[in-house]
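**Student:** Here's a sequence, model it:
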Amino acid sequence: MSPGKLAEARIQELGISHPREIAVELIAMDAGMRVEYESLDGCEAMLVGVGNRAVATIKPSSSRGRERYSIGHELGHWEMHRGRSFRCRVDDPDQNFSSDKVLEKEADSYSAHLLMPSFMFEPAVKVIGDPSFQELDELANGFETSMLATAMRLADIDALPVILACFTATGLRWSKAAAHVPRRWFLRNKLDDDSFAFEYFENGREHPRLGKQPAETWFENLDADKYEVRECCRPGRNGELLVLLYLESKMLYAGFDPHVGNRKFTSAGSYVTRK
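**Tutor:** Numbering: from 1, shown residues only. Down below sits the predicted model:
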């Protein structure tokens, strides 16, 4: 069973039917994992287990959503990777102290599905349509999750043609696209002067609501000038900026672009990788 299915099965076994009923400490206790809060140096959470009992130590945070995600992450380790100890930096896509990224991704998936189960989260998104950061704030409040975790879950459910990206003033840090967004679309590493994100770094102006932009503002593909995207952005942590991009439907059917990436062939077909 996948991490997501395992987490959602636990939610359903407990008869939980509303986001406010997801008391993650109690769920952890039911699974034999006690949660403690303590200042930690160099990590956000630790897990130590012996036999059928474990202790998860969580670094206190001003963000309750971040604490809850950390608990879910450690519970994922406890459920799936029992017999090992972990020091984790969670809720951050490209920073983790574990040498086993596969296990960390599994724990992340478990936590995301535990806190935002598909049968609750997807209908909530459908009611909104195409959430901007303003609507994602409301979703995050409803599910008691961080903005970052909520935005990443939006891409994970693969219901909308969305790309989530994180930028600093020097350029792209990481990005996450919905699975059905063609990999032929390559984000620019440096922000274009006409993007809302560039404007934020220039004068601090935020754009939490969606606005149209030429796709060439965001993508290095030569044919990007034929399309439009919708962009919104909001500050993240430590001087970062989170960006949501919604691709217009025509972009999902654009053919292979020979001018970007390298063509690779596998037994399952071909795909595009970055240069």
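**Student:** Looking at this structure, which helix is longest?
**Tutor:** In the chain, with assignment by DSSP state H, the single longest helix is helix 64-80.
**Student:** Can you list the buried residues in that one?
**Tutor:** 65-80 (16 or more other C-beta atoms under 10 Å). Bear in mind the C-beta positions are built from the backbone N, C-alpha and C, glycine included.
**Student:** Equivalent analysis for stretch 167-176, please.
**Tutor:** Result for stretch 167-176 [16+ other C-beta under 10 Å]: buried residues 167, 175-176.
**Student:** Wait, residue 122 touches residue 159, no?
**Tutor:** Yes. Between residue 122 and residue 159 there is a contact under C-beta atoms under 8 Å: 6.3 Å.
**Student:** rewinding a little: for the helix or strand following the longest helix of the chain, give the mean pLDDT please.
**Tutor:** Per DSSP states H and E, the first helix or strand lying C-terminal to helix 64-80 is strand 86-88. Taken as a whole, strand 86-88 carries a mean pLDDT of 75.
**Student:** elements contacting the helix or strand following strand 86-88?
**Tutor:** Going down the chain from strand 86-88, the next helix or strand is helix 101-115, by DSSP H and E. Applying 3 or more C-beta pairs under 8 Å, 6 or more residues apart in numbering; DSSP states H and E, we find helix 101-115 packed against helix 3-13, helix 24-30, helix 64-80, strand 86-88, helix 147-156.
**Student:** Make CSV out of these and add distance to residue 244.
**Tutor:** Below are the helices and strands packed on helix 101-115 laid out as CSV (distance: least, C-beta to C-beta, whole Å):
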stretch, distance to residue 244
helix 3-13, 22
helix 24-30, 26
helix 64-80, 18
strand 86-88, 26
helix 147-156, 7
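**Student:** hey, least reliable of the ones you listed by pLDDT?
**Tutor:** Taking the mean pLDDT of these, strand 86-88 comes last: a mean of 75.
**Student:** who's in contact with that strand?
**Tutor:** When contacts are defined by C-beta atoms under 8 Å, 6 or more residues apart in numbering, strand 86-88 is touched by residues 42-47, 70, 73-74, 77, 96-98, 103-104, 107.
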